[in-house]
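Trainee: Structure for this input, please:
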Amino acid sequence: MRFNSIGYALSALALGVTALDCSSDQLSSYRLKDSLTSISSHSIISDTPPSKTNTTWYLNLCNQNTEQFQEDCPKNSQICGITTVLLPGESPIKTQVVSIPNNLNSKILSSNDSDILINLDDSNWGSNTIKTELNFHCAEQEDIKIQWDLEKLIIDYISPSSCLKDNKSIPEPPKDGKDKDGDKEKKKDDSWGWFTWLFIILVIGFGGYIIFGAWVAASKSPADFQDAMHDFLEALKSLPGFIKEIFAKVFGNENRGGYSAV
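Mentor: Numbers count the residues shown, from 1 in each chain. Now for the predicted structure:
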């Protein structure tokens, strides 16, 4: 009876300890399983005078690749990070190897059209306990961001692989300090350039025409010069109305949505 109880307990434990399965019901609607079929890597190089520190993370997030990681990584690794210190003129010195095994329980905390948040069970690293958080973000451009503080590992996997299979319009990733609305405003401001230059050219041409006409009139007789000046002043008075009419024609048609007066 005692042996049967132990057997049931071991069976339950074996069922509970399962690796992250990207083909599960909760994740099968995403592209993870079809895309994350190989081991990817991401390196972080820090300037630590007189040396440089390089930490390279190897990721087999869906546990679909049976290839061996780097030789320093344990065979059952799902995630493995190797840190080396580089000194000028010397061979690299390996200072730490972090391994997240592939037999940890995974828990999907939240999922929607563009984001998936998954926590893995705590893992042991020497005398330390590591908490692992996986954030999958749907985006057109691929990027990996990793945060590691010796106790918690956070991986932000930004990729089309994180999108739903039926997502036909993949959103772009956020740009640092920029957004789509800002880009639209910039384009709108740029569109004013041609009109500004056209207006300046028209004003200069109009002024040159009046001055040239006044000079020609003055060379003939003072009376003609006075008439030319009168015409010039009248033209200046009508200039605001002329500008207003141009604005009405250019921008009025756009606001009417295709309607134009005859």
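Trainee: Buried residues in stretch 112-120, which are they?
Mentor: Across stretch 112-120, burial judged by 16 or more other C-beta atoms under 10 Å covers Ile116, Ile118, Leu120. Yep, even glycine has a C-beta here, placed from its N, CA and C like the rest.
Trainee: May I have the distance across stretch 48-65, first residue to last?
Mentor: Terminal residues of stretch 48-65 lie 34 Å apart, using C-alpha to C-alpha, to the nearest Å.
Trainee: Going along the chain, name the strands of the stretch 51-200 of the chain.
Mentor: With strands called from DSSP state E, counting those that start in this stretch, the stretch 51-200 of the chain shows them at 51-59, 77-86, 93-101, 106-111, 115-125, 128-138, 143-148, 152-159.
Trainee: Buried deepest among these, which one?
Mentor: Highest mean neighbour count among the strands of the stretch 51-200 of the chain (mean count of other C-beta atoms under 10 Å): strand 77-86, with a mean of 20.
Trainee: From the contact counts, what lies against that strand?
Mentor: Helices and strands touching strand 77-86, as assessed by 3 or more C-beta pairs under 8 Å, 6 or more residues apart in numbering; DSSP states H and E, comprise strand 51-59, strand 93-101, strand 152-159.
Trainee: Repeat the analysis, applying 6 Å as the threshold.
Mentor: If you count contacts as 3 or more C-beta pairs under 6 Å, 6 or more residues apart in numbering; DSSP states H and E, strand 77-86 packs onto strand 51-59, strand 93-101.
Trainee: want to throw these into a markdown table with mean pLDDT and distance to Ser77?
Mentor: Below are the helices and strands packed on strand 77-86 laid out as a markdown table (pLDDT from 0 to 100; distance: least, C-beta to C-beta, whole Å):
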| stretch | mean pLDDT | distance to Ser77 |
| --- | --- | --- |
| strand 51-59 | 95 | 7 |
| strand 93-101 | 95 | 5 |
